[in-house]
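> Pasting a predicted model and its sequence here:
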Amino acid sequence: MVKVVGEDEQLAWDLKTPPRKRKKRPGPKRDPRKRDPEHRTRPAHAQREPVHVVLRVLDDVPRLRGFEGYRAIRGALQRIAIEGFRAVHTSIQQSHLHFLVEADDRRALSRGMQGLAISIAKRINFITKRRGKVFAFRYHATAIRTPTQARRALNYVLNNWRHHQESASAYAKLDPFATGHAFDGWSEATWWYDDWEPIPSAPPETWLLRVGWQRGGGAISPRAYP
């Protein structure tokens with residue numbers, strides 16, 4: 001038999017019932033550096049300043065340092081043609097991409113990165129037979145304003161595989177998933193891979209990426225760990 005409870009009795013019961021406490025989910029804390037940048041208007045961009053850009057993919061996207069990711073990103077860079085925008089250097093890591101880009105103004109930078117991200121996402125989805133969003137957040141951009149900052153950015157991007165312990169040895173070889181082949185400021189002889197097509201690289205036009213970076217500490221070692 002179902003007991004019918006009056007309204008006043010039910011209210012009294014509800015008030016006596018303590019609220020349920022939510023248990024914290026186990027797992028590592030989220031890295032604040034991997035959060036989406038706030039959706040605010042990006043600052044003005046000076047033509048003389050290169051930009052270090054980072055794009056991070058979602059967890060369900062296959063690793064980028066493989067033939068499929070390489071094909072998608074290389075294909076997108078081969079066909080990107082945004083006026084006033086140049087992708088000078090690229091570094092492909094497992095879950096994210098580094099770019100050193102140049103742009104004539106903020107609009108060219110925004111259009112160039114949006115076009116590049118869309119092209120890469122479409123190619124990754126097509127090659128891996130998946131659907132949906134590819135990149136976790138909007139791109140993160142850092143303007144490069146000094147020779148020291150430019151040299152550090154070049155070392156960080158081109159030698160990033162050593163930072164992530166992807167290099168098999170310390171020999172003076174270059175990351176096949178980066179554009180070190182197009183950089184002429186190495187401190188010692190380097191070699192490329194006979195059977196590996198390099199990632200496209202646009203010649204730099206800013207003073208900082210052409211020669212200015214040398215004032216930040218001289219030639220860069222291909223063995224350096226950024």
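Okay, I see it. Small disclaimer: the values here were computed from a predicted structure and weren't measured.

> Would you mark the buried spots in the top helix by length along the chain?
When the chain is parsed with DSSP state H, its longest helix is helix 106-128. Across helix 106-128, burial judged by 16 or more other CB atoms under 10 Å covers 108-113, 115-117, 119-121, 123-125, 127. In this view, the C-beta of every residue, glycine as well, is placed from N, C-alpha and C.

> what does it contact?
42-45, 51, 53, 55, 57, 61-62, 68-69, 71-73, 75-77, 79-80, 82-87, 97, 99, 101, 103, 130-135, 139, 141 (CB atoms under 8 Å, 6 or more residues apart in numbering).

> Narrow those to those in strands?
Counted as lying in strands by DSSP state E, out of these, are Val51, Val53, Leu55, Phe85, Arg86, Ala87, Leu97, Phe99, Val101, Ala103, Ala141.

> Return the set of residues that bridge with the fifth one.
Translated: Arg86. According to DSSP bridges, the partner residues bridging Arg86 are Glu102.

> circling back to that earlier point, I'd like to know which of the contacts of helix 106-128 are buried.
Among those, those classed as buried by 16+ other CB under 10 Å are 45, 51, 53, 55, 57, 61, 68-69, 72-73, 75-77, 80, 82, 85-87, 97, 99, 101, 103, 134-135, 139, 141.

> sorry, back to before: return the closest of the ones in strands among the contacts of helix 106-128 with respect to Pro176.
Leu97 (14.9 Å; CB to CB).

> Pretty sure that closest one sits against Leu55.
Yes: judged on CB atoms under 8 Å, Leu97 makes contact with Leu55 at a distance of 4.5 Å.

> Now the longest helix of the chain: average pLDDT?
For helix 106-128, the mean pLDDT works out to 96.

> tally of neighbours for Ser91?
For Ser91, the neighbour count with other CB atoms under 10 Å is 24.

> isn't it right next to Arg162, touching?
No: judged on CB under 8 Å, Ser91 makes no contact with Arg162 at a distance of 10.9 Å.
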